Structure formats: structure tokens, C-alpha cells
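J.: dropping a prediction and its sequence here:
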Amino acid sequence: MKFTVGIALSPLEQLPELAKTAEECGFSSIALPDSLFYMKSAAAKYPYTADGGRFWGPDTPWVDPLIGATAMAAVTSRIRFYTNVLKLGSRNPLLLARQVGSVANLSGNRFGFGVGIGWAPEEFEWCGVPYADRGARVDEMIEVIKLVLGGGMVEYHGKFFDFDPLQISPAPSEPVPFYIGGHTAPALRRAAKVGDGWTSAMMTYDELCVTIGKLGALRTEFGRESVPFEIQAVCIDKFGRSGYQDLADAGVTDAIVVPWLADGIGFDGELAAKQESLRRFAAKNIEDPIVAKARV
């Protein structure tokens, strides 16, 4: 099983050094979250907390994940990066295809595209995109971005997006993996049908086991059971050697962890303290031949 560092809510100036330390310690990837802006009043509840409240405020730091991945890739050579997850619904697929292709090329194909729809109506409406039909719109967006990233002259004629032959160059020299986020039934079907993997938000071990079983059944339904598929998990109740072994046995391929939080260091904690947390975690888990069977 691989280990990914979640860098959500960390000060932006810490990111390059955290990436370098994570690479030195043998972590597989860095997971980058996405938030466009903080609205004072939200029309919808945040779907991944018990009370629907946001666990960040208006002054909490966020980096554009595509720019953040590029900056961290520039100071590393092996560790990978993926969005966890970028909200597609409020964006334009052709602009995103250009950006994703650029990150993939500049990072030496060390980038994975984790995508979701987005939960906040304001992020759609204030960016000029209707909130209605967002699921169907995102399905087309994924088709468009994959098509363009494949290279060559392409065209698309769908319900929401329509363009004549065009080409964005250079195309990535390797396919960019798409990881689909979300816990709803439509999200799981989307992941099973078109994804190279599925990525979770915060879930318990039991919830993960149920979800992984659903994904397996759906992948069989779509005839994709033999296609490689990643399970990227943020588990809130399995830790340490035995816990990570349980996750691996359940089918998790990539555990997303924030070691400094477990050490009582906040999101805004000192860089040196976070780096030491990464080293302690790696010494206990990544070097373990049972839990971590592969290193970057």
C-alpha cells in the first residue's frame, strides 16, 4: 500500500519544503485539495462533516491545486501529485485540459487528476455556470478533457459542450490518470465506469469496506473488473501498523494521511514540526515491509 500526504490548509510557503521532505521519506504522492473561495453564507451544507459545517474559515489558506502541484514538482524528482479533488462543475473543460496537460508535462508525468462535481451552488453560479444538471455536465467535461489530452485534432458535439476540430499541444506523453471523488451512488458509478481510481473524503473503515464492495460490483457491471484501479482513502479510525494492514487487506491501495495532525500539530503548525512528523511516520510505516510494499 502506498502513502500520500494530504497538505490541505497548510500555509502556502511551506508546500515546497513539505514536498521535498515527503519525497525523501518515501511517500508516494501529495494530495492537493481545492476551494475557489469562501462565501460568508453557504446555500448548501458541506457534505463531509456530521453537522454540515465547514471546518475552515475565510482566512484559511488554499492554493490552486494545479499551480501548487507545478510548484512542488519543480523542487522534486520522484514524488507524484494529484488533486483531491478538483471541483469540475464550475470550470471550463478546454481551459482545464490546457492546465492539466501543462502540469503533466512540466512534472514529467507525475500528476493525477482527481475530480469531483463540487458541493456549493455559489461556486457554480458566481463563476457563470448553472448549478442544475451539474452531474451530466461533469460527465461531458470528463469526456472532453480526456479527448483533448489524448492529443491530435479533436472535436466534440455534446449537450453542454460543442466545438469543431482543435488541438492543444503538447499533449502529455503518458495518459493522465483520472481519479473520481464522491460518496454518492452516481459518483461511484462514474468512478467505476470511467475512472482509473476512486478517492474518498473522510470515512470510517466500515464505510470504506462497504464502498469498496460497491465499486467492485459496479466495475464488474461495466466490464472493467480486470482494469487497474486505485482506491485512495482518508480513513478516520484505522492507524498504525495493524490499521494500515487492515486497510490494505480491504483493498485500499493508497492511504492519504496527515501525520502532523496525529502528533497534535495544527494545519498552521511550524514547518520543522511537520517535517519531523513526516519522518516519524515514515520510520514507523513506510519502511515496514509488511505495510509498505513499494516505495517511490
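T.: Thanks, I have the structure now.
J.: only C-alpha atoms for contact and neighbour calcs from this point on.
T.: Will do.
J.: and the nearest residue in space to His157 that is not next to it in sequence, what element?
T.: Among residues not flanking His157 along the chain, Phe163 sits closest, at 6.3 Å (CA to CA, 6 or more residues apart in numbering). Assigned by DSSP states H and E, Phe163 belongs to strand 162-166.
J.: run me through the strand neighbours of that strand, direction for each.
T.: Paired with strand 162-166 in the same sheet, following DSSP bridges, are strand 154-157 (antiparallel).
J.: quickly list what the residue nearest to His157 is bridged to.
T.: Going by DSSP bridges, Phe163 forms beta bridges with Tyr156.
J.: for it, grab the count of nearby residues.
T.: Each residue near Phe163 was counted by other CA atoms under 10 Å, and the total is 12.
J.: can you tell me which residues contact it?
T.: Applying CA atoms under 8 Å, 6 or more residues apart in numbering, we find Phe163 in contact with 155-157.
J.: just the buried members of these?
T.: Tyr156 (16 or more other CA atoms under 10 Å).
J.: and the gap between the residue nearest to His157 and Val144?
T.: 10 Å (CA to CA, to the nearest Å).
J.: who touches both of the two?
T.: Contact criterion CA under 8 Å, 6+ apart; residues shared by Phe163 and Val144: Tyr156.
J.: just put the contacts of Phe163 in TSV and tack on distance to Arg280.
T.: Below are the contacts of Phe163 laid out as TSV (distance: CA to CA, whole Å):
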residue	distance to Arg280
Glu155	50
Tyr156	50
His157	52
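J.: closest one to Pro33 out of the contacts of Phe163, please.
T.: The closest of the contacts of Phe163 to Pro33 turns out to be Tyr156 (CA to CA; 29.1 Å).
J.: so what's that closest one up against?
T.: 144, 162-165.
J.: that one and Val138: what is the separation?
T.: 14 Å.
J.: Gly101 now?
T.: For Gly101, the distance to Val138 (CA to CA) stands at 18 Å.
J.: between the two, who's got more neighbours?
T.: Counted by other CA under 10 Å, Gly101 and Val138 do not tie: Gly101 has more neighbours, with 26 against 23.
J.: I'd like to know which elements the helix or strand hosting that one is packed against.
T.: For Gly101, the element it lies in under DSSP H and E is helix 93-106. With contacts taken as 3 or more CA pairs under 8 Å, 6 or more residues apart in numbering; DSSP states H and E, helix 93-106 sits against helix 65-73, strand 111-116, helix 134-149.
J.: closest to Phe281 out of the ones you listed?
T.: Here helix 65-73 is closest among the helices and strands packed on helix 93-106 (CA to CA), at 20.6 Å.
J.: fine by me, we can end here.
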